[in-house]
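A.B. asks: Coordinates only, no sequence provided:
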């Protein structure tokens, strides 16, 4: 198994999607889909940047976002690896949902109103296809 990333277009990429976001999305999809298993060692920032013809800062930005999302983890000088993202993502989503529920309750929203607000936010984030 190897990491496969394709960057559409130059600079901003296809449809105006920034290159760093294309890198982030493709690594996240491959990690969460199992193509890249937990513990898979990712290329260095410079190495991947060179392979893709991108600036190192572009790949570094993607790696930072992936790390913040719990998809990858950096182990100092040992490198960057695919993390057990499912568990981390589920825990973070649960914490965010709990915080939202508590805030909606403090604001005096009914359960129905809170659910409607959450559905609208999800539609906005995921698009109408949900």
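C.D. replies: Perfect, thanks for sending it. In this text the structure is predicted, and so the values were computed from the model without any measurement.

A.B. asks: switch to C-alpha atoms for all contacts and neighbour counts from now on
C.D. replies: Fine.

A.B. asks: Can you show me the helices along the protein?
C.D. replies: 19-33, 45-52, 56-68, 85-106, 111-126 (DSSP state H).

A.B. asks: can you put the ones you listed in TSV and add distance to residue 5, mean pLDDT and mean neighbour count?
C.D. replies: Formatted as TSV, the helices of the chain follow (distance: least, CA to CA, whole Å; pLDDT from 0 to 100; neighbours: other CA atoms under 10 Å):
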stretch	distance to residue 5	mean pLDDT	mean neighbour count
helix 19-33	6	93	20
helix 45-52	8	96	16
helix 56-68	12	96	18
helix 85-106	19	80	13
helix 111-126	22	94	13
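
A.B. asks: Tabulate those helices in a markdown table, adding columns for distance to residue 76.
C.D. replies: Formatted as a markdown table, these follow (distance: least, CA to CA, whole Å):
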| stretch | distance to residue 76 |
| --- | --- |
| helix 19-33 | 20 |
| helix 45-52 | 13 |
| helix 56-68 | 13 |
| helix 85-106 | 19 |
| helix 111-126 | 33 |
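
A.B. asks: ok, residue 76 - how many residues close by?
C.D. replies: Residues contacting residue 76 under the criterion other CA atoms under 10 Å number 7.

A.B. asks: Go through the helices of the chain and name the closest to residue 74.
C.D. replies: helix 56-68 (7.7 Å; CA to CA).

A.B. asks: which secondary structure elements does that closest one contact?
C.D. replies: helix 19-33, helix 45-52, strand 72-74 (3 or more CA pairs under 8 Å, 6 or more residues apart in numbering; DSSP states H and E).

A.B. asks: which residues sit against it?
C.D. replies: Helix 56-68 has contacts (CA atoms under 8 Å, 6 or more residues apart in numbering) with 19-21, 23-24, 28, 45-46, 48-50, 72-74.

A.B. asks: 7 Å instead, please
C.D. replies: 20, 21, 23, 24, 45, 46, 49, 72, 73 (CA atoms under 7 Å, 6 or more residues apart in numbering).

A.B. asks: Does the last one touch residue 83 like I think?
C.D. replies: Yes - counting by CA atoms under 7 Å, residue 73 sits close enough to residue 83 to count as a contact (5.7 Å).
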